[in-house]
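Visitor: predicted coordinates and the sequence they were generated for:
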2 protein chains.
Amino acid sequence: MGANRLDEIDRKILAELQDDGRMTNVELARRVGISAPPCLRRVRTLEEAGYIRGYHADVNPRELGFEVQVFAMVGLHSQAEVDLSAFEQRCRDWPFVRECHMLNGEIDFILKCVAPDLSSFQTFLTEELTSAPNVASVKTSLVIRCAKDKPGVPFDVLEERLGRSA
Amino acid sequence: MGANRLDEIDRKILAELQDDGRMTNVELARRVGISAPPCLRRVRTLEEAGYIRGYHADVNPRELGFEVQVFAMVGLHSQAEVDLSAFEQRCRDWPFVRECHMLNGEIDFILKCVAPDLSSFQTFLTEELTSAPNVASVKTSLVIRCAKDKPGVPFDVLEERLGRSA
DNA sequence: GCGAGCGCGAAATATTATTGCGCATCCGGA
DNA sequence: TCCGGATGCGCAATAATATTTCGCGCTCGC
């Protein structure tokens, strides 16, 4: 469900705004082939319906002095819901942790972290993360380089699938 | 380097646009405490200097029919630069792969993937990823739920650090 | 202390966002 | 077949915003 309620213009709007979220409505309307007022109405509707959760500038961490990016794989002692939630809340409170995903399998959580330098990350790792309640194991991997970092979803795949089923 | 060249207003601009990338320049100027023209000039400068790499709508994958998110940990046979680059290029070509990070340690790459359903991901996994040249091992973990997903960097940490050093 | 460079803000103008409204189209029922 | 009702478009008008221009004050190096 969800994507079926959207027509081709809506999907094009989402694709364009995912690619350039600060595009003017006039330009957006031109690209999707309708006039500005209905285009803006569609955008508002998509926002209110939750298809668009927000807009964010993509800032460059290195330029801003965040030299270190790390993935941390975390295992917990207890997987009771109370304990899972407690750990998630800690992650929300830690500024270096940018993403926290609960996983299946042997790893319980994967965290994407960012830090100004290795030493400040080490301090966070030993004094905060590893020593947090219920944390059983933490494996970390430094990001050497990033080959791809696309936001959201591949709209071209969506079009293909809808095209076949339509 | 980098963040030092920015004054407090620049950093506030980046923080605000990271939080809401579609804010009008008038509103942004009001929040950072200067008038609209210099505010817009600063934004343009930040964009051109690479502090801002772009703007993106944050779309909701589930609403759009992408029910499955997966982290894939990939090991390669050869870590020669040619082979690393070749694998990275494949990742760029696979639409289901949204992020591809090269890591240190036993894992060579971590991929963040999105797919419409489990079966289409399985097809991708077996027919594309696992069977790609030079791929030695692939471990996948399904995302059960996402507790935190913040973009970019924690500007409050940046302010603290600069505050102490200034 | 004195010009040069820098960055601000006021004002004017160009563009864009937003609202109001009439029209065409597409059903579902008489 | 014909008739509302609902949906969604586009035009036109207005409000808001973006962008340019320009003069002023500030700081800094000499």
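Guide: Sure, I can see it.
Visitor: nearest residue to the residue of chain A found nearest DNA strand C in space, please, no chain neighbours.
Guide: When CB to the nearest atom of the strand is the measure, chain A has its nearest residue to DNA strand C at residue A:25, with 3.0 Å between them. (Glycine included, C-beta is placed from N, CA and C.) Leaving aside its sequence neighbours, residue A:25 sits nearest to residue A:40 (CB to CB, 6 or more residues apart in numbering or on different chains; 4.9 Å).
Visitor: helices or strands next to the lowest-mean-pLDDT helix or strand in chain A in the packing?
Guide: Least confident helix or strand of chain A, by mean pLDDT, DSSP states H and E, is helix A:155-165 with a mean of 80. The contact analysis (3 or more CB pairs under 8 Å, 6 or more residues apart in numbering or on different chains; DSSP states H and E) places helix A:155-165 against helix A:8-19.
Visitor: ok, residues contacting whichever helix or strand comes after the helix it packs on?
Guide: Beyond helix A:8-19 on the C-terminal side, the first helix or strand identified by DSSP states H and E is helix A:25-32. Outside helix A:25-32, the residues that touch it by CB atoms under 8 Å, 6 or more residues apart in numbering or on different chains are A:9, A:12-13, A:16-17, A:23, A:35-36, A:38-40, A:43.
Visitor: and those residues as JSON lines, adding pLDDT?
Guide: Output for these, formatted as JSON lines (pLDDT from 0 to 100):
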{"residue": "A:9", "pLDDT": "97"}
{"residue": "A:12", "pLDDT": "98"}
{"residue": "A:13", "pLDDT": "98"}
{"residue": "A:16", "pLDDT": "98"}
{"residue": "A:17", "pLDDT": "98"}
{"residue": "A:23", "pLDDT": "98"}
{"residue": "A:35", "pLDDT": "98"}
{"residue": "A:36", "pLDDT": "98"}
{"residue": "A:38", "pLDDT": "98"}
{"residue": "A:39", "pLDDT": "98"}
{"residue": "A:40", "pLDDT": "98"}
{"residue": "A:43", "pLDDT": "98"}
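Visitor: and the longest strand along chain A, which residues are buried?
Guide: Ranked by number of residues, the top strand in chain A under DSSP state E is strand A:135-149. Neighbour-count burial for strand A:135-149 flags A:135, A:138, A:140-141, A:143, A:147-148 (criterion: 16 or more other CB atoms under 10 Å in any protein chain shown).
Visitor: count the residues that sit near residue A:90.
Guide: Residues contacting residue A:90 under the criterion other CB atoms under 10 Å in any protein chain shown number 18.
Visitor: so it belongs to a strand, correct?
Guide: No - inclusion of residue A:90 in a strand is not indicated when DSSP: H, G, I helix; E, B strand; the rest coil is applied; the result is helix.
Visitor: that one contacts residue A:134, correct?
Guide: No - shown here, residue A:90 and residue A:134 do not form a contact pair, counting by CB atoms under 8 Å, at 9.4 Å.
Visitor: shaky segments in chain A?
Guide: Across chain A, the ranges flagged by pLDDT under 70 are A:1-2, A:4, A:164-166.
Visitor: name the residue most distant from the centre of it?
Guide: Note on chain A: the largest separation between a C-alpha and the mean C-alpha position, by CA atoms, centre = their mean, falls on residue A:35 (31.3 Å).
Visitor: residues touching it, list them.
Guide: Shown here is residue A:35, whose contacts under the criterion CB under 8 Å, 6+ apart are residue A:29.
Visitor: residues in contact with the closest residue to residue A:121 other than its chain neighbours?
Guide: With sequence-adjacent residues excluded and distances taken as CB to CB, 6+ apart, residue A:121 is closest to residue A:115, at 3.7 Å. Residue A:115 makes contact with A:66-70, A:96, A:121, A:124, according to CB under 8 Å, 6+ apart.
Visitor: of all pairs in these, which one is the farthest apart?
Guide: With distances taken as CB to CB, the most widely separated pair in the contacts of residue A:115 is A:67 and A:124, at 14.1 Å.
Visitor: looking at those two, which is more packed in?
Guide: Residue environment comparison for residue A:67 versus residue A:124 gives the larger neighbour count to residue A:124, 19 against 15, counting by other CB under 10 Å.
Visitor: for the closest residue to that one other than its chain neighbours, grab the count of nearby residues.
Guide: Excluding the flanking residues, the one nearest residue A:124 by CB to CB, 6+ apart is residue A:96, at 5.2 Å. The local packing of residue A:96 (other CB under 10 Å) involves 25 other residues.
Visitor: can you give me the distance of residue A:92 to residue B:154?
Guide: As for residue A:92, its distance to residue B:154 is 12 Å (criterion: CB to CB, to the nearest Å).
Visitor: tell me which of those two has more neighbours.
Guide: Neighbours around residue A:92 and residue B:154, counted as other CB under 10 Å, are more numerous at residue B:154. The numbers are 20 against 13.
Visitor: let's see stretch A:93-111 as CSV, backbone CA atoms only.
Guide: As requested, the backbone C-alpha atoms of stretch A:93-111 are provided in CSV (Å, rounded to 0.1, in the frame of the first residue of the first chain):
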residue,chain,number,x,y,z
ASP,A,93,21.0,10.9,23.7
TRP,A,94,24.5,10.3,22.4
PRO,A,95,25.3,13.0,19.8
PHE,A,96,28.0,11.0,18.1
VAL,A,97,25.5,8.3,17.3
ARG,A,98,23.7,9.5,14.2
GLU,A,99,21.8,6.3,13.4
CYS,A,100,20.7,3.3,15.5
HIS,A,101,19.1,0.3,13.8
MET,A,102,17.9,-2.8,15.5
LEU,A,103,18.9,-5.9,13.5
ASN,A,104,18.1,-9.6,13.4
GLY,A,105,20.8,-12.2,13.8
GLU,A,106,23.7,-12.3,16.2
ILE,A,107,24.2,-8.5,16.2
ASP,A,108,21.5,-6.6,18.1
PHE,A,109,22.2,-3.1,16.9
ILE,A,110,24.2,-1.3,14.3
LEU,A,111,25.2,2.3,15.0
